[in-house]
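**Student:** Provide a 3D model corresponding to the input given below.
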Amino acid sequence: MGRTTRQTKILEIISKKDIETQEELVAELKKANFDVTQATVSRDIKELGLIKVLGESRKYKYALEKTGNSNISVKLTNLFRESVISIESANNLIVVKTLSGSANAAAVMVDKSGYGGVLGCIAGDDTFLIVCKNEEVVDKVLEKLHDIIR
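**Tutor:** This is a model prediction of the structure:
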């Protein structure tokens, strides 16, 4: 399994669980059959632009930086490009098919993009749904997503 697959899994893990340390992240990755060292995870954290934020439990946890950091945008855009298989729309919805295990990270890119009129994303394992305010928004978002994967 390659770096992109591992980094996609890291984004999925931190979106579902509060991960406080690199050791916890290594343990979660090993549970998911990724044989990694702390040094590798440390590099991944840096490449993904993860930061520690104060969570609801009053403990620090890893999260994606919320600012318009271009390194994050580039990394998420690359993950999106490398994992998307197809993009289809119906009415105010867009369905994106991805490689297995990549839907969550690809949906994060859409969520962080700040596309106007996108109400939110719902992700499964290899598919995610983008809910838009209306069909005009769908056309604009489709154009932006197709530009990324070309």
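**Student:** For the lowest-mean-pLDDT helix or strand in the chain, list every residue counted as buried.
**Tutor:** Within the chain, confidence by mean pLDDT, DSSP states H and E is lowest for helix 70-83 among all helices and strands, at a mean of 73. Of all the residues in helix 70-83, those buried under the rule 16 or more other C-beta atoms under 10 Å are 72, 75-77, 79-80, 82-83. The way it works is simple: take the backbone N, C-alpha and C, and place the C-beta from them, glycine included.
**Student:** do the same with stretch 30-37
**Tutor:** Under 16+ other C-beta under 10 Å, the buried positions of stretch 30-37 are 34, 36.
**Student:** ok, residue 22 touching residue 40?
**Tutor:** No: counting by C-beta atoms under 8 Å, residue 22 does not reach residue 40; the two are 9.8 Å apart.
**Student:** show me the contacts for the residue nearest the centre of the chain.
**Tutor:** The residue lying closest to the centre of the chain (C-alpha atoms, centre = their mean) is residue 105, at 2.1 Å. Residues in contact with residue 105 (C-beta atoms under 8 Å, 6 or more residues apart in numbering) are 7-8, 11-12, 76, 79-80, 83.
**Student:** Kindly report the same for residue 121.
**Tutor:** Neighbours of residue 121 in contact, by C-beta under 8 Å, 6+ apart: 107, 110-111, 128-131.
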